[in-house]
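Visitor: Kindly return the folded structure for what I paste below:
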Amino acid sequence: MAQQSVRGLSGFGAVPIPDALEALSDERRRIVVRVLHGTEGTTTLQELATEICLLPDGAQDRDRVVLDLHHRTLPKLDALGLVDYDPADNVVEPRSALGDLLGLVEHVEYTNR
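Guide: Numbers count the residues shown, from 1 in each chain. Take a look at the predicted model:
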């Protein structure tokens, strides 16, 4: 049986359904997808944490956000092929597949209201 994939609004690449569901099962990962969508080039871990904390529903403790991103969120998104994360240099770069999840992120967040 062929691996089914999810296509978002962007039309770039394809994300296997199990990977898409795993990526979107965590709120912080959904936030990272939203923040990094449309970003070109690399972003530092510190910049990403700051952007997350500036969101209206963002976290209050930036240091905790940095730790979560570094140890849990970004390694998972990297393993799923959605970002390239270099933990030694603390830089992250979105892959084209990340955009495929934006429509799903918006749907999940809309239905969770």
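Visitor: residue boundaries of the strands in the chain?
Guide: Along the chain, counting by DSSP state E, strands occupy 5-6, 15-16, 43-44, 83-86, 91-94.
Visitor: Export those to TSV and append columns for mean neighbour count.
Guide: Backbone N, C-alpha and C define where each C-beta goes, glycine included. Conversion of the strands of the chain to TSV gives the following (neighbours: other Cβ atoms under 10 Å):
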stretch	mean neighbour count
strand 5-6	16
strand 15-16	20
strand 43-44	15
strand 83-86	18
strand 91-94	20
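Visitor: hang on, isn't V15 packed against G103?
Guide: No: judged on Cβ atoms under 8 Å, V15 makes no contact with G103 at a distance of 11.2 Å.
Visitor: Enumerate the positions of stretch 31-50 that are buried.
Guide: Of all the residues in stretch 31-50, those buried under the rule 16 or more other Cβ atoms under 10 Å are I31, V32, V33, R34, V35, L36, T39, T43, L45, L48, A49.
Visitor: Please give me every residue in contact with the third one.
Guide: This points to V33. Listed by Cβ atoms under 8 Å, 6 or more residues apart in numbering, the contact set of V33 reads A23, L24, L77, L82, L98, L101, L102, V105.
Visitor: go with 6 Å
Guide: When contacts are counted by Cβ atoms under 6 Å, 6 or more residues apart in numbering, V33 touches L101, V105.
Visitor: can you pull the pLDDT of it?
Guide: With respect to pLDDT, V33 scores 91.
Visitor: one step back: distance to V92 added to the buried residues of stretch 31-50, as JSON lines?
Guide: Shown next, in JSON lines, are the buried residues of stretch 31-50 (distance: Cβ to Cβ, whole Å):
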{"residue": "I31", "distance to V92": "13"}
{"residue": "V32", "distance to V92": "8"}
{"residue": "V33", "distance to V92": "12"}
{"residue": "R34", "distance to V92": "14"}
{"residue": "V35", "distance to V92": "10"}
{"residue": "L36", "distance to V92": "7"}
{"residue": "T39", "distance to V92": "9"}
{"residue": "T43", "distance to V92": "6"}
{"residue": "L45", "distance to V92": "7"}
{"residue": "L48", "distance to V92": "6"}
{"residue": "A49", "distance to V92": "11"}
